[in-house]
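*Asks:* Sequence below, structure please.
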Amino acid sequence: MKSTHAQGRTDEPDSLPGSDWPAPAFYLTDWPTLLRLAERACCCCAKPAIVAIVPPGPGRASPSDLLLCRHHYSASQRALVDGAAAVFDSEGEPLTPHTEALVRQAANSPAAAAAGAAAGTGDAA
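*Replies:* Numbers count the residues shown, from 1 in each chain. Have a look, this model is predicted:
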């Protein structure tokens, strides 16, 4: 997945092998900062409160991140869940069990371990 958001970039492949999903570290993006810096939601002129990563589908070859206001998130919540979108709130908290599972997987990925070691938070040997 090609992201224009610097926080979403990693040295991992653009997607999981054999999958159209983004690499695991993508789910560890600093969503609160991204939402705070965004001027408006994708859906309307309101400030975004939710980010949803929608998987590829017909007419959309790669995943897309959507910045949604609370109203439009509420209106499309069922469709996002049914479409297996990863959904985060303005604090970066996962809003669905599917998203929680993706975050757990990302936290256990090699890229997350390398990032923790580089930041001095990895386990000392």
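
*Asks:* can you pull the contacts of the spatially closest residue to residue 67 that is not a sequence neighbour?
*Replies:* Nearest non-adjacent residue to residue 67, counting by C-beta to C-beta, 6 or more residues apart in numbering: residue 48, 3.6 Å away. C-beta: built from backbone N, CA, C; applies to glycine. When contacts are counted by C-beta atoms under 8 Å, 6 or more residues apart in numbering, residue 48 touches 35, 38, 40-42, 67-69, 90.

*Asks:* Out of those residues, list just those in helices.
*Replies:* Judged by DSSP state H, helices contain the following of these: residue 35.

*Asks:* re the thing from before, what separates the residue nearest to residue 67 from residue 36, distance-wise?
*Replies:* 9 Å (C-beta to C-beta, to the nearest Å).

*Asks:* Which of the helices and strands in this protein ranks last by mean pLDDT?
*Replies:* Least confident helix or strand, the chain: helix 110-118 with a mean of 60, by mean pLDDT, DSSP states H and E.

*Asks:* thought residue 34 was touching residue 51?
*Replies:* Yes: checked against C-beta atoms under 8 Å, the pair residue 34 and residue 51 is within contact range at 6.7 Å.

*Asks:* Where do the helices of this protein begin and end?
*Replies:* Ranges of helices in the chain, per DSSP H, are 31-37, 70-82, 97-107, 110-118.

*Asks:* List the buried residues of the shortest one.
*Replies:* Within helix 31-37, the residues that qualify as buried by neighbour count (16 or more other C-beta atoms under 10 Å) are 31, 34-35.

*Asks:* Sweet, I'm off.
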